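Undergrad: the sequence and its predicted three-dimensional model are supplied below.
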Amino acid sequence: MKAIWNGAVVAESDATVIVESNHYFPRTSICEEYFEASDTSTHCPWKGDANYLSINVDGEVNKDAAWYYENPKDAAAEIKGRVAFWRGVSITE
(Lines give C-alpha, C1' and ligand atoms only; values in the text may rest on other atoms or scores of the structure.)
Protein backbone atom coordinates (compact mmCIF):
# COMPACT_ATOMS: atom_id res chain seq x y z
CA MET A 1 0.00 0.00 0.00
CA LYS A 2 1.06 3.58 -0.66
CA ALA A 3 0.04 6.84 0.98
CA ILE A 4 0.29 9.67 -1.56
CA TRP A 5 -0.14 13.39 -1.05
CA ASN A 6 0.69 16.30 -3.37
CA GLY A 7 2.28 13.88 -5.84
CA ALA A 8 4.70 12.34 -3.32
CA VAL A 9 4.65 8.85 -1.85
CA VAL A 10 4.82 9.67 1.87
CA ALA A 11 4.54 6.05 3.07
CA GLU A 12 4.74 2.60 1.50
CA SER A 13 4.29 -0.83 3.05
CA ASP A 14 2.95 -4.31 2.35
CA ALA A 15 2.22 -4.74 6.06
CA THR A 16 -0.57 -2.28 6.88
CA VAL A 17 -3.19 -3.01 9.51
CA ILE A 18 -6.78 -1.97 8.80
CA VAL A 19 -8.82 -0.55 11.68
CA GLU A 20 -12.11 1.28 11.08
CA SER A 21 -11.39 1.36 7.31
CA ASN A 22 -8.04 3.12 7.85
CA HIS A 23 -4.73 1.61 6.79
CA TYR A 24 -2.18 1.95 9.58
CA PHE A 25 1.34 1.93 8.14
CA PRO A 26 4.36 0.87 10.19
CA ARG A 27 6.07 4.03 11.45
CA THR A 28 9.28 2.78 9.84
CA SER A 29 7.58 2.88 6.40
CA ILE A 30 6.86 6.61 6.35
CA CYS A 31 9.24 9.02 4.60
CA GLU A 32 10.19 11.07 7.67
CA GLU A 33 11.42 14.02 5.60
CA TYR A 34 7.79 14.88 4.74
CA PHE A 35 6.50 14.88 8.31
CA GLU A 36 6.38 17.56 10.99
CA ALA A 37 5.25 17.11 14.60
CA SER A 38 1.96 18.73 15.58
CA ASP A 39 0.65 19.81 18.98
CA THR A 40 -2.80 18.40 18.10
CA SER A 41 -4.12 15.45 20.06
CA THR A 42 -7.50 13.76 20.35
CA HIS A 43 -8.98 10.97 22.43
CA CYS A 44 -10.77 7.83 21.24
CA PRO A 45 -12.67 5.90 23.93
CA TRP A 46 -11.44 2.50 22.76
CA LYS A 47 -8.05 3.30 21.14
CA GLY A 48 -6.74 5.98 23.50
CA ASP A 49 -4.96 9.27 22.84
CA ALA A 50 -3.93 10.11 19.27
CA ASN A 51 -1.10 12.40 18.27
CA TYR A 52 -0.87 14.08 14.88
CA LEU A 53 1.71 14.84 12.21
CA SER A 54 1.49 17.39 9.41
CA ILE A 55 2.76 16.56 5.94
CA ASN A 56 4.96 19.04 4.06
CA VAL A 57 5.62 18.35 0.38
CA ASP A 58 7.36 21.06 -1.64
CA GLY A 59 6.39 23.71 0.91
CA GLU A 60 2.70 22.83 0.87
CA VAL A 61 1.50 21.73 4.31
CA ASN A 62 -1.38 19.36 5.04
CA LYS A 63 -1.93 20.08 8.74
CA ASP A 64 -2.62 17.08 10.98
CA ALA A 65 -3.01 14.76 7.97
CA ALA A 66 -1.54 11.77 9.81
CA TRP A 67 -2.16 10.35 13.26
CA TYR A 68 -0.80 7.67 15.54
CA TYR A 69 -1.37 6.20 18.98
CA GLU A 70 1.86 6.22 20.98
CA ASN A 71 0.36 4.06 23.72
CA PRO A 72 -2.94 2.63 22.48
CA LYS A 73 -5.31 0.85 24.82
CA ASP A 74 -5.12 -2.95 24.88
CA ALA A 75 -8.07 -3.24 22.47
CA ALA A 76 -6.04 -1.38 19.83
CA ALA A 77 -2.60 -2.81 20.58
CA GLU A 78 -2.14 -3.83 16.91
CA ILE A 79 -1.79 -0.17 15.85
CA LYS A 80 1.05 0.70 18.23
CA GLY A 81 3.96 2.04 16.20
CA ARG A 82 1.73 2.71 13.18
CA VAL A 83 0.51 5.82 11.34
CA ALA A 84 -2.80 6.42 9.50
CA PHE A 85 -3.82 9.19 7.11
CA TRP A 86 -6.74 11.40 6.11
CA ARG A 87 -7.34 14.95 4.77
CA GLY A 88 -6.78 14.16 1.12
CA VAL A 89 -3.99 11.61 1.46
CA SER A 90 -4.72 8.86 -1.10
CA ILE A 91 -4.22 5.25 -0.08
CA THR A 92 -3.62 2.99 -3.07
CA GLU A 93 -2.22 -0.44 -3.85
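TA: Right, received. Where do you want to start?

Undergrad: and the closest residue to Asn22 other than its chain neighbours, how many neighbours?
TA: Leaving aside its chain neighbours, Asn22 sits nearest to Ala84 (4.3 Å; criterion: C-beta to C-beta, 6 or more residues apart in numbering). (Each C-beta comes from the backbone N, C-alpha and C, glycine too.) By other C-beta atoms under 10 Å, the residues close to Ala84 number 25.

Undergrad: who touches Lys47 in this structure?
TA: Contacts for Lys47 (C-beta atoms under 8 Å, 6 or more residues apart in numbering) come out as Val19, Tyr69, Pro72, Lys73, Ala75, Ala76, Ile79.

Undergrad: for Ser38, see how far away the nearest residue to it once chain neighbours are set aside is.
TA: Closest residue in space to Lys47, ignoring its immediate chain neighbours: Ala76 at 4.0 Å, by C-beta to C-beta, 6+ apart. From Ala76 across to Ser38, the span is 20 Å (C-beta to C-beta, to the nearest Å).
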